[in-house]
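1. let me see the structure of the following:
(one chain, ligands or ions: 1)
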Amino acid sequence: MQGIIFNALEEFVLDNADMETWNCIIEETDLSSNGAYTSGVTYDDEEIVALATTLCEKLNLPLSDGLKVFGEFLFGFLINRGPIELKTYKTPQLLLQDLEGVIHKDVRRIHPDAYTPFFEYSVINDCEGELVYRSKRKLCSVAEGLIHGLAKHFSKEVKLNHIQCMHNDYDECKWNIKFS
Ligand code: HEM
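-> Numbering: from 1, shown residues only. Okay, the predicted model is just below:
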């Protein structure tokens, strides 16, 4: 996982608690790196889940809920600090349509060792579509949070119906998404 995602997790903790809490989380988590993360460098996938697990234990929150809240924060972080200009998008659906072929493709162009998930978005009508997600990391909770962050960015409400999930033995996750 790219360092920028760890930087986002650190900022999420700093925004909601303080540096002492982040340092505690680093100390209490079994990490193969030393817990200092640089944007553009790749770290073990397990580390982000381990850090999120420690954080959720502290907050007494199920991991999937914590990952969703973090995902929502992450969208704003990537819009402001990510490597790609995204402010030109006029609707959330247009951005979702470009997620695979433009946005994550650009992430891989800039960071050739990045592993980005696969997404396919099919438009049903002006405010509804279907999103397919595949990744070895199975981080559908983060994806859901990111979609909530996306809706918030465009001042929209969103309803997500997780029709199928990789955690229930499907090959891919699928959501029906309605913006209003
Ligand atoms: C609603 C919009 C988005 C969704 C649903 C989404 C989904 C995801 C998910 C679920 C991951 C976790 C990795 C995985 O599942 O394998 C991820 C990773 C990532 N995404 Fe996105 N993303 C979105 C928008 C963006 C944007 C706007 C950017 C910034 C330019 C971005 C850049 C990245 C990067 C850098 C990673 C880490 C890749 C790696 O570690 O190798 N994403 N994305």
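
2. list, one by one, the residues from this structure near the ligand.
-> Taking Cβ under 6 Å from any ligand atom as the criterion, the chain approaches the ligand at residues 1-2, 4-5, 78, 82-84, 86, 99, 103-104, 107, 114-117, 135, 137, 139, 142-143, 146-147, 150. For every residue, glycine as well, the C-beta is placed using N, CA and C.

3. among those residues, name the buried ones.
-> Applying 16 or more other Cβ atoms under 10 Å to the residues of the chain next to the ligand, the neighbour count classes 1-2, 4-5, 78, 82-83, 86, 99, 103-104, 107, 114, 116-117, 135, 139, 142-143, 146-147, 150 as buried.

4. Phe179 against Cys127, yeah?
-> Yes: assessed by Cβ atoms under 8 Å, Phe179 is found in contact with Cys127 at 4.7 Å.

5. show me what contacts Tyr121?
-> Tyr121 sits next to 93, 96-97, 99-100, 129-132 when contact means Cβ atoms under 8 Å, 6 or more residues apart in numbering.

6. where does Phe119 land in three-state SS?
-> strand (DSSP: H, G, I helix; E, B strand; the rest coil).
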